[in-house]
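1. I'll drop the sequence and a predicted model, then ask my questions.
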Amino acid sequence: MASTIMTASLFGIIVLVSFIWLVVVAFKRHIGWGFAVLLLSPIAAIIFAIMYWRESKYPFLIYIVAAGIQLSYAFKVFNEMGGGDIYELAQQVGQGHLNEKQAAAEIQRRLAGRMLDSGQVTQKQYEQLLNKLEQSGPPSKQQDEAAIEEMLQRIVSELPDTSQEGKVRAKLAAPKSVVVEPVKKEPVAIFVGDVSDHIGKTLIVTLRNGLIREGVLTEIKGATIIIKRPYRGGHTTYKIYRGNIDTLFLQPD
């Protein structure tokens, strides 16, 4: 994420320099245009560029392109920091699929997953961290994401060193009571971000336009999931963009 922030900052500097260049060009044309571009951009900048394209095309094009790229990187940073996950969970809570405690627990789990992806914890530490989170229960509603992440870091620091394989095995080998839960016959709601864990399973997908697609998840290509269902001796394939999914359910075997 650090490289993404650095790139966004670099384009921010380019946006600032090109904007100053455009303001100077506007002041050379007329003092009124100068203050308009300075104070009322980007609308004034667009109008000025249209009216005086020959003079302003270079600073204006650099300004617009750099601003667009910076915005895309800012959105990427937002997602990497978990903003997209929080927005998705807020929607799930608003639609009644999750309560606030379940959403808070899911935020914990996803933050732990990002720590694993970034190399802050090993796979074994990640599994131990999930066990500790299950034992401690969901965080209070007053805790924000930064507080939750700080708590996760503290828990990780208390985990045993995974390089000491013998000690870890001894602790993990302790007998635990096994609770057998009844098999759920009804479809189970799952998160869109966890769909990759269910390849080969039957999914029920409700799209934002109200259409329902049901079939076996066979493949994931980037932000697109591919499901197939039998049809007249063959099969029908649905390619669904994740952003178009409203709800997602797993059909038990």
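-> Cool, the structure landed. Residues are numbered from 1 along each chain as shown.
2. neighbouring contacts of the helix or strand where Phe249 lies?
-> According to DSSP states H and E, Phe249 maps onto strand 245-251. Here strand 245-251 makes contact (C-beta atoms under 8 Å, 6 or more residues apart in numbering) with 95, 97, 187-192, 195, 198, 201-208, 214. C-beta coordinates here come from the backbone N, C-alpha and C atoms, glycine included.
3. now the buried members of those.
-> Neighbour-count burial (16 or more other C-beta atoms under 10 Å) applied to those gives 97, 187, 190-192, 195, 198, 202-205.
4. in JSON lines, list those along with distance to Lys239 and pLDDT.
-> Output for these, formatted as JSON lines (distance: C-beta to C-beta, whole Å; pLDDT from 0 to 100):
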{"residue": "His97", "distance to Lys239": "24", "pLDDT": "68"}
{"residue": "Pro187", "distance to Lys239": "22", "pLDDT": "83"}
{"residue": "Ile190", "distance to Lys239": "19", "pLDDT": "87"}
{"residue": "Phe191", "distance to Lys239": "20", "pLDDT": "84"}
{"residue": "Val192", "distance to Lys239": "15", "pLDDT": "81"}
{"residue": "Val195", "distance to Lys239": "13", "pLDDT": "82"}
{"residue": "His198", "distance to Lys239": "17", "pLDDT": "85"}
{"residue": "Thr202", "distance to Lys239": "17", "pLDDT": "89"}
{"residue": "Leu203", "distance to Lys239": "13", "pLDDT": "89"}
{"residue": "Ile204", "distance to Lys239": "17", "pLDDT": "89"}
{"residue": "Val205", "distance to Lys239": "11", "pLDDT": "89"}
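5. please flag which of these sit within strands.
-> 202-205 (DSSP state E).
6. Phe75: which of these is nearest?
-> The closest of those to Phe75 turns out to be Val205 (C-beta to C-beta; 24.8 Å).
7. could you dump the buried ones among the contacts of strand 245-251 to TSV with distance to Leu116?
-> Converted to TSV, these look like this (distance: C-beta to C-beta, whole Å):
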residue	distance to Leu116
His97	25
Pro187	28
Ile190	19
Phe191	17
Val192	19
Val195	18
His198	19
Thr202	28
Leu203	25
Ile204	29
Val205	27
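8. can you give me the strands in the protein?
-> Under DSSP E, the chain gives strands at 188-189, 202-207, 212-221, 224-231, 234-241, 245-251.
9. if we can go back for a sec, the strand holding Phe249 pairs with which strands, and in what direction?
-> Note on strand 245-251: by DSSP bridges, its sheet partners are strand 188-189 (antiparallel), strand 202-207 (antiparallel).
10. got the CA coordinates for that strand in PDB?
-> What follows is strand 245-251 as a C-alpha-only set of coordinates in PDB (Å, rounded to 0.1, in the frame of the first residue of the first chain):
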ATOM      1  CA  ILE A 245     -24.200  -8.700  -6.900                       C
ATOM      2  CA  ASP A 246     -26.800  -7.700  -4.400                       C
ATOM      3  CA  THR A 247     -26.900 -10.900  -2.200                       C
ATOM      4  CA  LEU A 248     -25.000 -14.200  -2.300                       C
ATOM      5  CA  PHE A 249     -26.100 -17.500  -0.800                       C
ATOM      6  CA  LEU A 250     -24.400 -20.900  -0.600                       C
ATOM      7  CA  GLN A 251     -26.700 -23.900  -1.300                       C
END
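11. what's the angle from that strand to strand 234-241?
-> 140 degrees (axes from the mean of the first three to the mean of the last three C-alpha atoms, to 10 degrees).
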